[in-house]
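Participant: requesting a structural model of the entry that follows:
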Amino acid sequence: MSTKNKAKLLRRLWGGISLTYPALIYLYLKETSVTSIIPLLYPMAINLMVAGSFGMSLLYPPSMIERIARRMKHDLDERGIVYTRQVTKIWFGFCLMNAGVSLLTALYGDVKIWALYNGFISYILMGSLFIVEYSVRQYRRRHNLM
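Facilitator: Residues are numbered from 1 along each chain as shown. Okay, here's the model as predicted:
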């Protein structure tokens, strides 16, 4: 099997696992009566799965953001590929950070803080990162830096 085919297979396997893994863990732990903190760990699990998808795409190119960009604009030059790889790294780091904060809010024990962060603040941060990246991308396009 070629390296390209192995990478495709790994991405597909990871995609399937990332969608079902949190639910399977929850169902298992629910059956073992360890449910008090389990629902609070769901945002952390999702963030880890998304970070894993970004990370796998960095190990087995093209990067996640490059794939998205190629669907919108088929001809990416070398600068565009480098840029999309950097953006993928930023999203990978963001998802890891978000997973860590989600875990801390779950372990802290105050459901109000958990709900505030995971139901509001994390989305504001995610939206802000998207807006900043979009602005940087538009600036780079206007100044022919991509």
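Participant: and the nearest residue to residue 63 once chain neighbours are set aside, backbone torsions?
Facilitator: In space, and not counting its chain neighbours, residue 63 is closest to residue 88: 3.9 Å by C-beta to C-beta, 6 or more residues apart in numbering. (Each C-beta comes from the backbone N, C-alpha and C, glycine too.) Main-chain torsions, residue 88, degrees, to the nearest 10: phi -60, psi -40.
Participant: can you give me every residue that contacts residue 88?
Facilitator: Residue 88 is in contact with 54, 57-58, 63-66, counting by C-beta atoms under 8 Å, 6 or more residues apart in numbering.
Participant: and of those, the nearest to residue 96?
Facilitator: residue 54 (9.2 Å; C-beta to C-beta).
Participant: tell me the secondary structure for the residue nearest the centre of the chain?
Facilitator: Averaging the C-alpha coordinates of the chain gives a centre point, and the residue nearest to it by C-alpha atoms, centre = their mean is residue 50 (3.1 Å). Following DSSP: H, G, I helix; E, B strand; the rest coil, residue 50 is assigned to helix.
Participant: pretty sure it contacts residue 95?
Facilitator: Yes: in this structure residue 50 lies within contact range of residue 95 using C-beta atoms under 8 Å: 4.8 Å.
Participant: what about the nearest residue to residue 41 once chain neighbours are set aside, neighbour count?
Facilitator: Of all residues not flanking residue 41 in the chain, residue 106 sits nearest, at 5.4 Å (C-beta to C-beta, 6+ apart). For residue 106, the neighbour count with other C-beta atoms under 10 Å is 22.
Participant: then residue 124?
Facilitator: For residue 124, using other C-beta under 10 Å, the count is 10.
Participant: which SSE is it in?
Facilitator: helix 122-142 (DSSP states H and E).
Participant: please pick the buried ones from the contacts of residue 88.
Facilitator: With burial judged by 16 or more other C-beta atoms under 10 Å, the buried subset of the contacts of residue 88 is 54, 57, 63-66.
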